[in-house]
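K.L.:
Have a look at this prediction, sequence included:
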Number of protein chains: 2
Amino acid sequence: KFRFSPVSVVSLLKEKTRKHDMKKLIHSIKVGVALVIVSLLYLLDPLYGQVGDNNAMWAIMTVVVIFEFYAGATLSKGLNRGIGTVLGGGLGYLIAIFSQEFGGVGNSIIVGICVFIFGGAATYTRLIPSIKRTYDYGAMIFILTFSLVAVSGFREDQNVMDITRERLVMIVLGFVICICTSLFVFPIWASDELHGSMVAKFEKLASSFEGCLEEHFRLDGKDNEEIQPISPFRICIEVLHSKSKDESLINFARWEPWHGKFGLSYPWKQYQKIGDVLRELTVLILSLKVGLKSSAQDSMALRHPYKQPCEAIGSSLAWTIRELGDSIKEMRRCQSEAFIVPKLKSARQELSRVVSISKLEKVEDADILKIASSV
Amino acid sequence: KFRFSPVSVVSLLKEKTRKHDMKKLIHSIKVGVALVIVSLLYLLDPLYGQVGDNNAMWAIMTVVVIFEFYAGATLSKGLNRGIGTVLGGGLGYLIAIFSQEFGGVGNSIIVGICVFIFGGAATYTRLIPSIKRTYDYGAMIFILTFSLVAVSGFREDQNVMDITRERLVMIVLGFVICICTSLFVFPIWASDELHGSMVAKFEKLASSFEGCLEEHFRLDGKDNEEIQPISPFRICIEVLHSKSKDESLINFARWEPWHGKFGLSYPWKQYQKIGDVLRELTVLILSLKVGLKSSAQDSMALRHPYKQPCEAIGSSLAWTIRELGDSIKEMRRCQSEAFIVPKLKSARQELSRVVSISKLEKVEDADILKIASSV
């Protein structure tokens, strides 16, 4: 009945690592291809004649800078770069035109003051957490383009508007090359990664929950934790520390267009909540583990009468966690009313007969249930 | 005796926020100043005559891109940029010279293949976690400079070496401006932030530990958690999720030069260990909280006999945590042998008389002790 097997978790992790390495290789090849394509601007005579050296540089720079591992990250950086360039270039152009009204020293002073004010203000917005999360790169490009255009406009004899337009065309070209190689050839979706890691978390928690109970009730009573390659404790800590990784994946996934099973307005925000609830559940499992350990000096005889009911409750809770994970994996509505709620209720009744620390578990499960069924 | 006061924690947090906002403002002003200084390359005629438009651009770009919030981050990005430019430029130069041996189409093909191979390989190294942590930006700049120099060398009539050298000079110039404004005028040190947040964690944990016990033994037995602005639970979860922030701060702090009380080879790595131990301790405190909650239905009469000894043990443990935090704050050797160990021993003896779930606490404290005294 008990399905705890650290070996299976490890093999799962290994396979994941292998797949991830494969993805890294694919990503590297794709970046190489994109670089070669954008280099054609220099390498092919007719193209080079049209764009010229100063501009082709911007296309290469764009490809190098915005090509990220996940498709969503590339898209987000590219759009940020585009918007930042347009806004910065436009504002810089206005400042350049305006400052030319004053000649000589006045011109310099006005440009200097504007660079200080807009540069400082944009830097300040970069430090606001909500903006930093999504538009950090755009704000940086805004500062860069604004400064460059404003001070170049002070110098260039040719029209500032022309420079800005040409650079923008090159940036768009680089962006298009990135998007084509990133989204249309073996795309690496942050959404797949996020979805998979969330489902895996359910499995991990169920395993380590079972592992805790099994360890407690093991008949020989020996502590053979060293044999297990990854202890349930480590797995739980891993899940606990996954918050920042989840957040960045959610941030990327939101930029990704409709693909595979994920629709256009897929509720990525819900993943954040599920992740938070899972982390709270992890804390409870860890508490259970600590609680069980502290009662480990109770003799086996004392523990034995609880074994049967606890195992029954434990397996039904683990089954619930797995079921919730599966329902998210396959994106079907969780059969909450039909199966899980009665199962949890019977577990609760069972528990009220057996005094146990794992009582609070159910409250949490009900929480997950709420969220899972709203997905 | 019990010093739990959520209010004091909140006011501490508020003051911290205010200070942090002040720092943000200072940072923004500093960026503005650095931008104005670097703009002088354009705005002052004699300077502009010397460097020219194409090169001055690189100085501005460097300032915008590498000026980060923490001094250590700026230093790390600047050095990364310098090294990446030198390596990428050097290699690109070699490839450009080498490919010129073959004329015409052969030249293009060789440059293309090299861009693909080196670009792809460098991208792959960027995905290796240990390199990503410290040298991600350097690798990106390597790819950028390498591609630009290799393909420009294919075109430029003037010497590639000259371009590379001039750009490098501009980058160094931008770097120097950043370092001067970042390190010498109101520096914002990642090390201070890290040190402060680590010390604050001890205080937070001690408070929430006391909070747990106090709540459990409160005489009226009512749950007035809503009155507390920040519940101990939230504080603990905050500490649990601080891992990634700690890691980036440690990463920046390691780049920062000798300043204030921090010596040259200050053991920043130890902060990682202390943080990990503190997070484990947090899990234990949370377990205690859950454990106490699950026994909350015991009547007050049942709980009362334990109150005295538990409070004594609790306050001595909280004192220990605070003492450890203070010793790190003031960087003195913890008086472990003299004070803490006997105190913990007596607490353990006390505990062995009172059956309690908080038994495991001491093991952890001993762990912290080991690390704290090694700092």
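P.N.:
Thanks, I have it.

K.L.:
what's the longest helix seen in chain A packed up against?
P.N.:
Looking across chain A with DSSP state H, the single longest helix is helix A:6-43. If you count contacts as 3 or more CB pairs under 8 Å, 6 or more residues apart in numbering or on different chains; DSSP states H and E, helix A:6-43 packs onto helix A:45-51, helix A:53-66, helix A:160-183, helix A:190-217, helix B:104-126, helix B:129-153. Glycine gets a C-beta too; all of them are placed from N, C-alpha and C.

K.L.:
Next to chain B, which bits of the stretch 101-250 of chain A? Give me the list.
P.N.:
For the stretch 101-250 of chain A, the contact set with chain B under CB under 8 Å from any CB of the partner chain comprises A:108, A:111-112, A:115-117, A:119-121, A:123-124, A:127, A:140, A:143-144, A:147-148, A:151-152, A:154-156, A:237, A:240-241, A:243-245.

K.L.:
Narrow those residues to those that are buried.
P.N.:
Buried by 16 or more other CB atoms under 10 Å in any protein chain shown: A:108, A:111-112, A:115-116, A:119-120, A:123-124, A:127, A:140, A:143-144, A:147-148, A:151-152, A:154, A:237, A:240-241, A:243, out of these.

K.L.:
Quick one: name whatever helix or strand follows the helix or strand residue A:237 falls within.
P.N.:
Residue A:237 belongs to helix A:232-240 when assigned by DSSP states H and E. Going down the chain from helix A:232-240, the next helix or strand is helix A:243-253, by DSSP H and E.

K.L.:
Other residues contacting that next one?
P.N.:
A:70-73, A:76, A:133-134, A:189-191, A:193-194, A:197-198, A:262, A:266, A:268-269, A:271-272, A:275-276, A:279, B:241, B:243-245 (CB atoms under 8 Å, 6 or more residues apart in numbering or on different chains).

K.L.:
So which bits of that helix are buried?
P.N.:
Neighbour-count burial for helix A:243-253 flags A:243, A:246-253 (criterion: 16+ other CB under 10 Å).

K.L.:
Nearest to chain B among those?
P.N.:
Set against chain B, the nearest of these by CB to the nearest CB is residue A:243 (5.0 Å).

K.L.:
Now do the closest one against residue A:165, distance only.
P.N.:
43 Å (CB to CB, to the nearest Å).

K.L.:
isn't residue A:93 right up against residue A:165?
P.N.:
No - when contacts are counted by CB atoms under 8 Å, residue A:93 is not listed as touching residue A:165 (10.0 Å).

K.L.:
who's more crowded, those two?
P.N.:
A count of neighbours by other CB atoms under 10 Å in any protein chain shown puts residue A:93 above the other of residue A:93 and residue A:165, at 21 against 13.

K.L.:
three-state assignment of the more buried one?
P.N.:
The three-state assignment at residue A:93 reads helix, by DSSP: H, G, I helix; E, B strand; the rest coil.

K.L.:
Pull the contacting residues for it.
P.N.:
A:149, A:153, A:160-161, A:164.

K.L.:
Just want to check the distance between it and residue A:43.
P.N.:
32 Å.

K.L.:
do the same with residue A:125
P.N.:
40 Å.

K.L.:
In chain A, where is pLDDT below threshold?
P.N.:
A:1-9, A:52-53, A:154-160, A:218-231, A:291, A:293-306, A:333-341, A:344, A:347-375 (pLDDT under 70).

K.L.:
Let's check: the centremost residue of it is which one?
P.N.:
The centre of chain A sits closest to residue A:249, judged by CA atoms, centre = their mean, with a distance of 1.2 Å.

K.L.:
Check the gap between the nearest residue to that one once chain neighbours are set aside and residue A:252 for me.
P.N.:
Sequence neighbours aside, residue A:194 is the residue nearest to residue A:249 in space, at 4.1 Å (criterion: CB to CB, 6 or more residues apart in numbering or on different chains). From residue A:194 across to residue A:252, the span is 8 Å (CB to CB).

K.L.:
what's the answer for residue A:98, then?
P.N.:
Distance from residue A:98 to residue A:252, by CB to CB: 39 Å.

K.L.:
What of residue A:42?
P.N.:
Residue A:42 is 31 Å from residue A:252, where distance means CB to CB.

K.L.:
do residue A:102 as well
P.N.:
Residue A:102 is 46 Å from residue A:252, by CB to CB.

K.L.:
Can you point out the buried residues in the longest helix of chain A?
P.N.:
For helix A:6-43, by 16+ other CB under 10 Å, it's A:6, A:9, A:13, A:23-24, A:27-43.

K.L.:
Taking helix A:160-183 as reference, get the angle to that helix.
P.N.:
140 degrees (axes from the mean of the first three to the mean of the last three CA atoms, to 10 degrees).

K.L.:
ok now helix A:6-43, how far from the chain's centre?
P.N.:
For helix A:6-43, the separation from the chain centroid amounts to 17 Å (computed by CA atoms, centre = their mean, to the nearest Å).

K.L.:
Likewise for stretch A:58-76?
P.N.:
Counting by CA atoms, centre = their mean, stretch A:58-76 comes out at 17 Å from the chain centroid.

K.L.:
For that stretch, output the C-alpha coordinates as PDB.
P.N.:
In PDB, the C-alpha atoms belonging to stretch A:58-76 read as follows (Å, rounded to 0.1, in the frame of the first residue of the first chain):
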ATOM      1  CA  TRP A  58      22.800  47.300 -32.900                       C
ATOM      2  CA  ALA A  59      21.300  44.200 -34.400                       C
ATOM      3  CA  ILE A  60      24.100  42.000 -33.100                       C
ATOM      4  CA  MET A  61      23.900  43.700 -29.700                       C
ATOM      5  CA  THR A  62      20.200  43.100 -29.500                       C
ATOM      6  CA  VAL A  63      20.500  39.400 -30.300                       C
ATOM      7  CA  VAL A  64      23.300  38.800 -27.700                       C
ATOM      8  CA  VAL A  65      21.500  40.700 -25.000                       C
ATOM      9  CA  ILE A  66      17.900  39.600 -25.300                       C
ATOM     10  CA  PHE A  67      18.300  35.900 -26.300                       C
ATOM     11  CA  GLU A  68      17.400  34.200 -23.000                       C
ATOM     12  CA  PHE A  69      16.900  30.600 -22.100                       C
ATOM     13  CA  TYR A  70      13.100  30.700 -21.900                       C
ATOM     14  CA  ALA A  71      11.000  31.900 -24.800                       C
ATOM     15  CA  GLY A  72       9.000  34.100 -22.400                       C
ATOM     16  CA  ALA A  73      12.100  35.700 -21.100                       C
ATOM     17  CA  THR A  74      13.300  36.500 -24.600                       C
ATOM     18  CA  LEU A  75       9.900  37.900 -25.500                       C
ATOM     19  CA  SER A  76       9.800  40.000 -22.400                       C
END
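
K.L.:
for it, which positions count as buried?
P.N.:
A:58-76.

K.L.:
Which ones, among those residues, also lie beside chain B?
P.N.:
Checking those against chain B by CB under 8 Å from any CB, the ones in range are A:60-61, A:64-65, A:67, A:69.

K.L.:
what's the closest of these to chain B?
P.N.:
Closest approach to chain B among those (CB to the nearest CB): residue A:64, at 4.4 Å.

K.L.:
That closest one and residue B:147 touch, don't they?
P.N.:
Yes - assessed by CB under 8 Å, residue A:64 is found in contact with residue B:147 at 6.6 Å.
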